[in-house]
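Undergrad: Following is a predicted model, sequence given first.
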Amino acid sequence: MEETVPPQDQEQQEATADGAGEKPTREKPTKEKPARARGFRPDIQGMRALAVGMVVIYHLYPSLLTGGFAGVDVFFVISGFLITGHLLREYRKTGKVALLDFWGRRAKRLVPAAALVLTVTWVVSRLVLPATRLADTASQIRASALYFQNWQLAANAVNYLKADSAASPVQHFWSLSVEEQFYLGWPMLFLLAALVALTAGSTEQRRARGHHTALLLAGAIVAGSLWYSVYYTNVNPAGAYFVTTTRIWELGLGGLLALLPAGLSRRIGRFGLLGWAGLGLVIASAFVLSGSNAFPGYLALLPAGGAAVLILGGSAAGRFGPHRLMSARPMVFIGGISYSLYLWHWPLIVFYTAQSGRAVNALSGAAIVLVAIVLSWLTKVWVEDKVRTASLLSGHGWRSVSTALAAVVPVVLVSLFIASEPGPWNGHLGPDYPGAAALASKVTRSKVTPAPVVPPPAQIKLPTYWQQGCLLGDSTNTPKECVYGDTVHPMLTVALVGDSIAGDWFTPLQQIAVQRHWKLVTVLHAICPLTTAMMITSTGAPYTACHAWGAAAVQDLETKIKPDVVITSGIPGLSTVKYPAGGAAAQAEIGLGMAQYWKQLESHGISVIAIKESPSMGLNVPECVAANPTAPKKCAVLKSKAIAPDLPTVYAAKAASGTVPLIDMNSLICGRVKCQPVVGNVLVYQDNHHLTSTYTLTIAPYLEERLFAADKTLSRTLSGAAGL
């Protein structure tokens, strides 16, 4: 799994029973007035410090603390515990839950600081980030301010192109969205419990029954969400990381702790060794887990369970427990600013790497942490505390809720930018845009007049099949056929099969299909060449979805689609179960698996044409071109580096004994020595390895010529229509 940014809302600990937001007293606990009774637990501030420290170190040095992202799970449990405890106290005291007051406290606690960071982040983004990243950043800032960022990131995570893009400076707001959604829905549990409690007799009986009902309902929610988290993490690990439904159980687990009978909690809390066990589990998760693990699922039980056990046994009541360590003054200080620290640290990292062009090192990392702490302290003192304790807002539900309007500022700023953005480039090429023809003819190349690059790097338009959802996500195992070209009176049927690298050839094939009267059927799956080899995912697990899709796709080709010709290609460099380290051995195995499917299709009378894998630049070309508008050649890459030496299609063509022609279009993409980002004034790449539809359209005449030369079945349509 490609982890990005786990952010957190840390709920401000209530210092008083009603959670009005008084500053916690610093007096030491006494037998007459223990810290637990006063409602403030400094050890939980220490837990926050530990959690935010895990996340910050992970973002700065992911190889140093591979599971640091699990700090977000610790925050979830803490938030669920504190919020549920507050709701329970209010219910036990009044027999009801004042939703407006509850939501108002959440708004004034969380929104002003978040709105400040989002606004500053947008202003700095306009100054620092490449133009190609501004539209996506604006969209994510709006989603963050409106608290649906986690769902947007989940959609992006399963969108192959979006998953490949650079992290935005507000990507870490996803967990704020999860928590805000939790805050909206979780109080309903108490309302339902209160309704059930009406069946009891006395006031005390009703409140006791309501408490027990809330405990049962919370347990059911935790169990259901945990089950779904395990299930969906297996089905769609990329999207499962962000969605609310796979995360609610972690917040609910904290809620269950708060709902435990008081006597039971006190008895358990005396066992301080439990606290050490919980602390050990949390720390272990930072080292045992890694970004290659499918997460959350059952693995999240390690940090979340550890946090729950630490809460149970980490208070001052726990004998020989970790309370003194977790309540140390530096820990309490960092815990107190942890919310703002989480908000600030990630944008600083993104801006530093974008501006410097290099990864964070020991010195720059220390500087980022120092700046983040200063900004966080200032935000805590001058924004969080000022708003939270403002007398104008205290005790007034609607006034408190109105602080959520602070989010309007970043929303309006980015919405104005989005509205002013030009639409995608219209796709029309003039005489100064020969594209691939500049590589096909020395005469043409020498006469190319410099002109503005098209499409502009910030206005790249995805191929039609991609826009229409015809490229399946990497977790899907059932093929999807989409039909293009001449669908009324086709002379023959051509199927384009493979992954998004095969999909690069859709646009020219669609043009050829219309003019030559082919029905063009796409059968495409992200990161999945058509091969019998069992490949592995980025997590190292068997890529069963791709394997199942390939078998089903071939079955559909033979029995349902029945094309005259299959055109295929794929991405190089993947690894297999047999050869997890990749390299030539893995490429050869993938190639042999391709040849097996090719022979199977040929045995059913279906011709196969393979197109050699296209170059991979190893850098985001549109970003580089946008940063070097007058010197795009700075973004060129040596051909020997861009084109892998071991290509599966080459192995496959040899294994097929020459029955399958292998077309090489790379001479029309790269020059003899280098692969340029712009050829004939046309932008070649839409990212680091996918070709723009505009550029492939300029290759169409040459692709058509080579296809007809390679296959007699296609050549019989030469008389069916005028040439391109």
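TA: Nice, thanks for sending it over. Bear in mind the structure is a predicted one, so any value in this text is a computation, not a measurement.
Undergrad: Look up the pLDDT of the closest residue to residue 626 other than its chain neighbours for me, please.
TA: Excluding its sequence neighbours, the residue lying closest to residue 626 (Cβ to Cβ, 6 or more residues apart in numbering) is residue 457, at 4.3 Å. From N, CA and C alone the C-beta is placed, and that goes for glycine too. Note on residue 457: pLDDT of 88.
Undergrad: I figured residue 457 was touching residue 131, is that so?
TA: Yes - counting by Cβ atoms under 8 Å, residue 457 does reach residue 131; the two are 6.9 Å apart.
Undergrad: tell me, how many neighbours does residue 701 end up with?
TA: Per other Cβ atoms under 10 Å, the neighbour tally for residue 701 reads 17.
Undergrad: Where does it fall, secondary structure wise?
TA: helix 693-710 (DSSP states H and E).
Undergrad: Give me the residues contacting whatever helix or strand comes next after that helix.
TA: Once the chain leaves helix 693-710, the next helix or strand it forms, by DSSP H and E, is helix 712-715. Outside helix 712-715, the residues within contact range by Cβ atoms under 8 Å, 6 or more residues apart in numbering are 492, 494, 516, 564, 565, 607, 707, 708, 709.
Undergrad: measure residue 311 to residue 338 for me?
TA: 16 Å (Cβ to Cβ, to the nearest Å).
Undergrad: ok, the residue nearest to residue 626 - contacts?
TA: Per Cβ under 8 Å, 6+ apart, neighbours of residue 457: 131, 132, 622, 623, 625, 626, 683.
Undergrad: and the second one, what element?
TA: With secondary structure defined by DSSP H and E, residue 132 is part of helix 131-145.
Undergrad: helices or strands next to that helix in the packing?
TA: The contact analysis (3 or more Cβ pairs under 8 Å, 6 or more residues apart in numbering; DSSP states H and E) places helix 131-145 against helix 99-128, helix 149-157, helix 174-185, helix 408-420, helix 621-627.
Undergrad: Average pLDDT for that helix, rounded please.
TA: Here the average pLDDT along helix 131-145 is 91.
Undergrad: Run the angle between that helix and helix 99-128 for me.
TA: With axes from the mean of the first three to the mean of the last three Cα atoms, to 10 degrees defining the directions, helix 131-145 sits at 170 degrees from helix 99-128.
Undergrad: Give the burial count for the nearest residue to residue 668 once chain neighbours are set aside, as a bare number.
TA: Using Cβ to Cβ, 6+ apart and skipping the chain neighbours, the partner closest in space to residue 668 is residue 436 (4.4 Å). Neighbour count for residue 436, taken as other Cβ under 10 Å: 26.
Undergrad: just residue 526 next, same as before
TA: 23.
Undergrad: quick one: contacts for it?
TA: 160, 471, 472, 473, 474, 499, 500.
Undergrad: what kind of secondary structure is the fifth one in?
TA: This means residue 474. Three-state assignment for residue 474 (DSSP: H, G, I helix; E, B strand; the rest coil): coil.
Undergrad: on that earlier part again, what's the overlap in contacts for residue 457 and residue 131?
TA: With Cβ under 8 Å, 6+ apart, residue 457 and residue 131 have common neighbours residue 626.
Undergrad: quick one: the strands in this protein?
TA: 471-472, 481-485, 492-498, 518-525, 565-569, 607-611, 637-638, 662-663, 674-675, 678-679, 682-683 (DSSP state E).
Undergrad: Looking at those strands, spot the one closest to residue 592.
TA: Counting by Cβ to Cβ, residue 592 lies closest to strand 607-611 out of the strands of the chain; the figure is 13.6 Å.
Undergrad: For the closest one, name the packing helices and strands.
TA: Counting contacts by 3+ Cβ pairs under 8 Å, 6+ apart, strand 607-611 packs against strand 565-569, helix 583-603, helix 648-655, strand 662-663.
Undergrad: Distance from the shortest one to the middle of the chain?
TA: Meaning strand 662-663. Distance of strand 662-663 from the chain centroid (Cα atoms, centre = their mean, to the nearest Å) equals 36 Å.
Undergrad: what mean pLDDT does that strand have?
TA: 96.
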